[in-house]
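Student: Structural data only, the sequence is not supplied:
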Ligand code: SAM
């Protein structure tokens, strides 16, 4: 997604292909150009607070639960006993919040821009909801690609909650990054990635599946509908070395879901199994990457 906000009154994000997202704004709460990106936090009329980076919607209080639940609980419940989790990006803390709802030993979160973390804690505290204070949370301010190339740590689940493939996020879509993620994933591990809105950025999903497939035995995708990532279904890259990890039956997922006491607002066991059922135009994008 790419865009800019020209004047407050409306947050306008040009999505491409002749489409834009508009959210009515009550006020601009904060604006700063960090060393890496332009960060704005808006108070909207009906969607709560919103954070944009370089003019691109990142997180919105009203519907953030969808994206954070679907990018976290899909790999976590497919794995079934993840203890070491890594989040690349995720500066607002929503992914960290959801990962810590599982009985993990540690969640390593590698976010390149510390200002994003600090400002989201201040202006959007409900997104992280105290997750950064959890003793199992290990926040590192670093480039996720550099971290993954150098770390000795090994992970059961890796979640790439990045911006789009431009600016600092671009490197998180590279073959080298995926190769390093693969080599840091424990046997039975699962990796998921933010891969754009398929109707708008379809090539992104195809490229992600292709590049994941160069390093993992099973590269695929699943979907969710996130209103403020406008333009239809959002695609999520999926990678593991065991296709069976995305083929659990509903009862298996339901048993794990209830054992973890997750009270989710979008994710549920039926949806877990259904999220891999792709509309034909999205299936074609995925198959083009195989
Ligand atoms: N939900 C959003 C989306 O779908 O575009 C992503 C939200 S999250 C705020 C994206 C985070 O990725 C930002 O905090 C950004 O600073 C971080 N980021 C971008 N490039 C990065 C890199 N190379 N290493 C680590 N974090 C990075």
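Tutor: Right, received. Where do you want to start? If you're wondering where the values come from, they're calculated on a predicted model, not measured in any experiment. Numbering: from 1, shown residues only.
Student: was I right about residue 97 contacting residue 124?
Tutor: No: counting by C-beta atoms under 8 Å, residue 97 stays clear of residue 124, with 11.4 Å between them. Every residue, glycine included, has its C-beta placed from N, CA and C.
Student: partners of the helix or strand of the chain with the lowest mean pLDDT in the sheet?
Tutor: Every helix and strand in the chain was compared by mean pLDDT, DSSP states H and E; the lowest is strand 10-16, with a mean of 91. The strands beside strand 10-16 in its sheet (DSSP bridges) come out as strand 19-33 (antiparallel).
Student: Please give the centre-to-centre distance between the partner strand and its chain.
Tutor: Between the centre of strand 19-33 and the centre of its chain there are 21 Å (C-alpha atoms, centre = their mean, to the nearest Å).
Student: Can you pull the residues of the stretch 151-290 of the chain lying near the ligand?
Tutor: Residues of the stretch 151-290 of the chain lying near the ligand by C-beta under 6 Å from any ligand atom: 161, 162, 163, 164, 168, 169, 171, 172, 194.
Student: check contacts around the residue sitting nearest the centre point of the chain.
Tutor: Among the residues of the chain, residue 161 comes closest to the average C-alpha position under C-alpha atoms, centre = their mean, at 3.3 Å. Contacts here follow C-beta atoms under 8 Å, 6 or more residues apart in numbering; on that basis residue 161 touches 71, 87, 88, 89, 90, 95, 194.
Student: Closest one to residue 280 out of the residues you listed, please.
Tutor: For the contacts of residue 161, the residue nearest residue 280 by C-beta to C-beta is residue 194; the value is 22.6 Å.
Student: can I assume that closest one is in contact with residue 162?
Tutor: Yes: using C-beta under 8 Å, residue 194 is in contact with residue 162, at 5.7 Å.
Student: so what's the spatially closest residue to residue 48 that is not a sequence neighbour up against?
Tutor: Spatial nearest neighbour of residue 48, chain neighbours left out: residue 61 (2.8 Å); criterion: C-beta to C-beta, 6 or more residues apart in numbering. Applying C-beta under 8 Å, 6+ apart, we find residue 61 in contact with 47, 48, 49, 50, 124, 126, 127.
Student: repeat that for 10 Å
Tutor: Neighbouring residues of residue 61 by C-beta atoms under 10 Å, 6 or more residues apart in numbering: 43, 44, 47, 48, 49, 50, 51, 94, 124, 126, 127, 228.
Student: just how off-centre is stretch 269-285 within its chain?
Tutor: For stretch 269-285, the distance to the chain centre is 17 Å (C-alpha atoms, centre = their mean).
Student: please renumber so the chain begins at 252
Tutor: Yes, from this point I'll number from 252; that puts the last item at stretch 520-536.
Student: Tell me which residues of it come out buried.
Tutor: Judged by neighbour count using 16 or more other C-beta atoms under 10 Å, the buried positions of stretch 520-536 are 520, 522, 523, 524, 526, 529, 533, 536.
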